[in-house]
Structures are given as structure tokens and as C-alpha cells.
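Enquirer: take a look and give me a structure for this.
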Amino acid sequence: MPVKNMEDVGELFKMMETMMDMKMEIIELSDDMIHFKTSTCPMGIEGASKELCEAMMTSDKMMLSTLLGQEMESKITESVAAGDECCEVIISVKK
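Expert: The predicted structure is shown next:
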């Protein structure tokens, strides 16, 4: 699937949600950011640590950086790996 912009990223995430049978909600999607929430960890690290979550999410950030040809940054506001009820992540173009 060609990914040229954040709208395409949203479609990619929706496809991944279906394939991985996870409940994901895209809270906000703009030209330079995707903000999403999920109640399950697709990596299966519930209760491990926020640091492990951040390290593993680096791969998603790098994948999007490569696909979009722009440096991305991520912010994890909630993480089931840290014991939160859900994961909430914002990935955006680095300014």
C-alpha cells in the first residue's frame, strides 16, 4: 500500500487494526499528525514498563519516517505496558 501522507497512514492503521483484530480509535488525523487510542497492546507487553513501550514504538515511528520521507516524533500519553487502561499515542512530523 503506498503511503504518501498522514491520511494514508490512517488508512494503513485501520488495515492493521483489522488484520491484528485490535480495537483502535483514531482520535485525530491531520496533515502532520495521527493521534490514536487502543485498549490492547499489539505487541503483548501489558504491564511491562513504559520504557519498553517507548522503545518498541520507535519501530513504528521509524517506519512512518521512511514511508513519508520525513522525520517523525512520537508521544505516548498512556500505555497499557505502564499499567494504564489504554494506550494513547501521538505520532507527528518533527518540527
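Enquirer: buried residues in stretch 66-75?
Expert: For stretch 66-75, the neighbour count (16 or more other C-beta atoms under 10 Å) marks Leu67, Leu68, Met72, Ser74 as buried. Glycine gets a C-beta too; all of them are placed from N, C-alpha and C.
Enquirer: same deal with stretch 73-85?
Expert: With burial defined by 16+ other C-beta under 10 Å, the residues of stretch 73-85 counted as buried are Ser74, Ile76, Glu78, Ser79, Val80, Ala81, Ala82.
Enquirer: the strands in this structure, which residues?
Expert: Counting by DSSP state E, the chain has these strands, from start to end: 24-30, 33-38, 72-78, 87-93.
Enquirer: make JSON lines out of those and add mean pLDDT and distance to Thr18.
Expert: Shown next, in JSON lines, are the strands of the chain (pLDDT from 0 to 100; distance: least, C-beta to C-beta, whole Å):
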{"stretch": "strand 24-30", "mean pLDDT": "93", "distance to Thr18": "10"}
{"stretch": "strand 33-38", "mean pLDDT": "94", "distance to Thr18": "13"}
{"stretch": "strand 72-78", "mean pLDDT": "95", "distance to Thr18": "22"}
{"stretch": "strand 87-93", "mean pLDDT": "95", "distance to Thr18": "18"}
